[in-house]
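Undergrad: give the three-dimensional model of this entry:
(2 chains)
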Amino acid sequence: MTAHDRQTLLVGIAMAIIIGGLVSYFASDRPDGLEKTQEDLGAAEPPDAGLEAPPILFNEYSLKWLGEGFWGNAAAGVGGSLLVLGILLGLGHLLNRRRAPAEAGGRSTSPPA
Amino acid sequence: MHIGSGFLSPTVWGAAAAVSGAALAAALATAGRRLDDRKVPLMGVMGAFVFAAQMVNFPILPGTSGHLGGGFLLGVLLGAPLGIIVMASILVVQSLVFQDGGVEALGANILVMGIIPCLLGTILRVLWQKRQRPSGWLDLAAVVGGVAAVLAGATVVILLLWRSGALPAKIGLWEAMAVMDSVHLAIGVVEGAVSALVVRFVMATRREAVLGTLPAAAGACAKEASA
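TA: Prediction:
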């Protein structure tokens, strides 16, 4: 990893903390575009039970142990962003290695996507 | 715009899951060729940004909020295959960890917030690859494209709900689309403006990773990357 990559990752972590952890606390709690449309059309109640994931760690966007206040939301925002970051770095690493083992770590040999 | 659990009929969510599954498989199969190790950090960071940004609902109309979708932006900066992979990862985490979006509706949500906007974003990506430098026209195209991506996704959501019988019988399809699209026109303008700003910023700072070409004025970062 170059200093350039480290800088990119630091910007990502900073964004996770500032946007996910801080700014999101001030998010509007009004229904979003789809929820509002479903309310207006009288279709807000689902016809079936469907399948919703169990709230194991997080109860929607708040960490269960911390509740719905600032810190619960911050844990969800930072935790979720970093989880996505981690999954994608892992996935990217695997895909990159699968491409051409001999070339792994090589730079700028692939044509622009 | 996440479709919650219980709204889609098995036929509809099954069909949407099949389409999204096929697209995701194709994206994973072709992604390796488009990756190089400059792109992996960008991919991770853009994913974290879109996840965080989606939590920030902004008030938009009386009693209504909107949030960034991000699929269009990812299509521009990463191209369709990588963008779809990033968006699918975000939606899986949102659905399984945060109960945002029904588990059975995951394929549908990947279709409307991932595949459709990412493909539209890829059109703007091609324009960037042709012109190579920022311009007001590309900014305008980003705003218009962002609006189009949100409206296209919103329209398909209504189609899926309608086919599922999740809209009251007395409401016509066109009426439902009009309600959905008028709200999402306003949200789309914000999506387009944010996409245009973020594309400008990332092109100014990480153009080599985005387009595979060096910026005209090679800075310290570019020298270091080629060393």
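
Undergrad: please identify the buried residues of stretch A:42-57?
TA: Across stretch A:42-57, burial judged by 16 or more other C-beta atoms under 10 Å in any protein chain shown covers A:43, A:46, A:50, A:52-53. Yep, even glycine has a C-beta here, placed from its N, CA and C like the rest.

Undergrad: and chain B, which of these contact it?
TA: Applying C-beta under 8 Å from any C-beta of the partner chain to the buried residues of stretch A:42-57, one finds that A:43, A:46, A:50, A:52-53 fall near chain B.

Undergrad: show me what the longest helix along chain A is packed against.
TA: Ranked by number of residues, the top helix in chain A under DSSP state H is helix A:70-99. Packing partners of helix A:70-99 (3 or more C-beta pairs under 8 Å, 6 or more residues apart in numbering or on different chains; DSSP states H and E): helix A:3-15, helix B:10-34, helix B:39-54, helix B:80-98.

Undergrad: residue contacts, the closest residue to B:His2 other than its chain neighbours?
TA: Spatial nearest neighbour of B:His2, excluding adjacent residues (C-beta to C-beta, 6 or more residues apart in numbering or on different chains): B:Gly101 at 3.5 Å. Residues near B:Gly101 by C-beta atoms under 8 Å, 6 or more residues apart in numbering or on different chains: B:2-5, B:91, B:94-95, B:109.

Undergrad: show me which of these is closest to chain A.
TA: Chain A has its nearest neighbour among the contacts of B:Gly101 in B:Ser5, at 3.0 Å by C-beta to the nearest C-beta.

Undergrad: surely that closest one is in contact with A:Pro46?
TA: Yes - the criterion here is C-beta atoms under 8 Å, and B:Ser5 meets it with A:Pro46 at 6.6 Å.

Undergrad: which ones are touching the most centrally placed residue in chain A?
TA: Residue closest to the mean C-alpha point of chain A, counted by C-alpha atoms, centre = their mean, is A:Ser81 at 3.9 Å. Counting by C-beta under 8 Å, 6+ apart, A:Ser81 touches A:15-16, A:19-20, B:48-49, B:51-52.
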